[in-house]
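1. okay, sequence plus prediction incoming.
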Amino acid sequence: MDLRQLRYFVTVAEERSLTRAAARLHLTQPPLTAQIARLEQELGVRLLHRHRRGVDLTDAGRHLLLHARRVLADIDGVAESVRHLGDGRAGRLALAFDSGWGVLPGLLARYRRARPRVALDYAEAAGEAVLDSVRLRRNELGIVALPPPAAMPVREPQLDFAVIHREPLLALLPRALARRGERIDPADLADEQFFAPAPGAWGGLHRHLIEICRSAAIDPALREVAQLSTVVAMVGAGLGVSVVPASLRTLCGPAVTLAPLARHVPAVETAVVWRRDAAPSPPAAYFLRLALSTPEPDVLGPELAPSRGRDDDPA
């Protein structure tokens, strides 16, 4: 008894006719009749009563029909689940991240819509901890904010990186300090207290802020806090200023404002990272395809893009 015979038998039982079953199976009637006869011979029982109007099931035939449908449904389910695992539509994806303000929410939403059967296992950690988790195979992929070029490591022999998002850094100011349409030179903020996340937190934003102050030849008073939301609250209270990624505007309330910087500073780059020596699993491969096709939006937006005169630098 093989699966083909079971499928043939179920079709005959549903059609109650060898002629109609043969047409449905795209066969001629003689080979179908021969397969049913072989099945009856192998089982040693008659499965069908043949008559002029077609066929009826015997008690043995009705019993076989019940179990044959279950067997075929199980086989079809196994085949479908294997295909889903093979093409990344099922399985598990372990992802670690330290940032991704501007790209990660949309990327995860797109992935969930396209792969609802993949179990997402994600963890938030500091940047170096994300890299360690990928090196040690605790997570297959990582999303990290890269440090400014001056602080980039020489090489990462075990890991591959691909930039998936770039966004500018903006001055975060109390609304009373901001002037609409004006760019802010960090040097003009030398006497202000700067709020910054602690080193290693929030995608290494602390290192970006240090590099900006260094390029502006200022040595401001730095106050470290644990959360970016605290940075926004302290600036909103008029206690200081900061420099943050443009996507942070989603957390900003009416007490603060974001302003473009007057001097060029490197954009914050978000990258996806994976092990160089391991081919990504199908769920991870699909995530990588989505991540690498992510467009870079105009994160400044019209409200932050000042009018440009002849002497303005390109935005």
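-> Okay, I see it. Since this is a predicted model, take the numbers as computed values, not measurements.
2. where does the stretch 101-250 of the chain have low pLDDT?
-> Filtered on pLDDT under 70, the stretch 101-250 of the chain yields the residue ranges 150-155, 180-181, 200-204.
3. please, where are all the helices along it?
-> Across the stretch 101-250 of the chain, reading from the start of the chain, the helices by DSSP state H, counting those that start in this stretch fall at 104-114, 127-135, 205-215, 228-236.
4. could you name the helices and strands sitting against the first one?
-> This points to helix 104-114. Applying 3 or more C-beta pairs under 8 Å, 6 or more residues apart in numbering; DSSP states H and E, one finds that helix 104-114 contacts strand 118-124, helix 282-292. Just so you know, the C-beta spots here come from the backbone N, C-alpha and C atoms, and that holds for glycine as well.
5. buried deepest among the ones you listed, which one?
-> Among those, judged by mean count of other C-beta atoms under 10 Å, the one packed with the most neighbours on average is helix 282-292 (a mean of 19).
6. export the helices and strands packed on helix 104-114 as TSV, with columns for distance to Q35.
-> Conversion of these to TSV gives the following (distance: least, C-beta to C-beta, whole Å):
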stretch	distance to Q35
strand 118-124	40
helix 282-292	37
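7. and these: which comes nearest I75?
-> Minimum separation from I75 across the helices and strands packed on helix 104-114 (C-beta to C-beta) falls at helix 282-292, 21.9 Å.
8. redo the helices of the stretch 101-250 of the chain as a markdown table? Include distance to L25 and mean neighbour count.
-> As requested, those are arranged in a markdown table below (distance: least, C-beta to C-beta, whole Å; neighbours: other C-beta atoms under 10 Å):
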| stretch | distance to L25 | mean neighbour count |
| --- | --- | --- |
| helix 104-114 | 35 | 15 |
| helix 127-135 | 51 | 19 |
| helix 205-215 | 65 | 20 |
| helix 228-236 | 64 | 20 |
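9. out of these, nearest to R275?
-> Evaluated over these, closeness to R275 peaks at helix 127-135, with 6.1 Å, by C-beta to C-beta.
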